[in-house]
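1. sequence-free structure coming up:
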């Protein structure tokens with residue numbers, strides 16, 4: 001789980017590095033951030049389920 005989050009953060013940074021022009025990178029950044037949001041939502045759900053189990 002944590003590996004995929006780190007992978008997504010890494011992808012987000014490489015998105016910034018690959019296309020520094022705002023116009024070109026805008027859609028790429030959007031897709032990367034939406035992926036990151038999905039991962040963080042999954043992590044939040046995972047944390048909640050672990051918290052409620054204990």
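-> On my side now, so go ahead. Small disclaimer: the values here were computed from a predicted structure and weren't measured.
2. other SSEs contacting the helix or strand in which residue 27 is found?
-> Using DSSP states H and E, the element containing residue 27 is helix 22-53. Packing partners of helix 22-53 (3 or more CB pairs under 8 Å, 6 or more residues apart in numbering; DSSP states H and E): helix 2-18. For every residue, glycine as well, the C-beta is placed using N, CA and C.
3. Quick check: buried residues in the helix holding residue 27?
-> Within helix 22-53, the residues that qualify as buried by neighbour count (16 or more other CB atoms under 10 Å) are 25, 28, 32, 35, 39.
4. can you tell me which two in those residues are farthest apart?
-> Largest separation among those by CB to CB: 25 and 39, giving 19.9 Å.
5. Can you list the low-confidence ranges for the chain?
-> Residues of the chain meeting the criterion pLDDT under 70: 1-3, 5, 15-16, 18-25, 50-54.
6. ok, now how distant is residue 8 from residue 26?
-> Distance, residue 8 to residue 26, using CB to CB, to the nearest Å: 18 Å.
7. ok, back up a step: and which of the buried residues of helix 22-53 is nearest to residue 4?
-> Taking CB to CB as the measure, residue 4 lies nearest residue 39 of the buried residues of helix 22-53, at 6.3 Å.
8. Go ahead and confirm the closest one touches residue 11.
-> No: under the criterion of CB atoms under 8 Å, residue 39 makes no contact with residue 11, lying 10.5 Å away.
9. Which residues are in contact with residue 9?
-> residue 36 (CB atoms under 8 Å, 6 or more residues apart in numbering).
10. do that again at 10 Å, thanks
-> 32, 35-36, 39 (CB atoms under 10 Å, 6 or more residues apart in numbering).
11. In TSV, list these along with distance to residue 49.
-> TSV is the format used below for those (distance: CB to CB, whole Å):
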residue	distance to residue 49
32	26
35	21
36	21
39	16
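12. isn't residue 33 right up against residue 12?
-> Yes: judged on CB atoms under 10 Å, residue 33 makes contact with residue 12 at a distance of 6.9 Å.
13. returning to what we had before: and the two most separated of the contacts of residue 9?
-> 32 and 39 (10.7 Å).
14. who touches both of the two?
-> In contact with both residue 32 and residue 39: 8-9, using CB under 10 Å, 6+ apart.
15. That'll do, ta.
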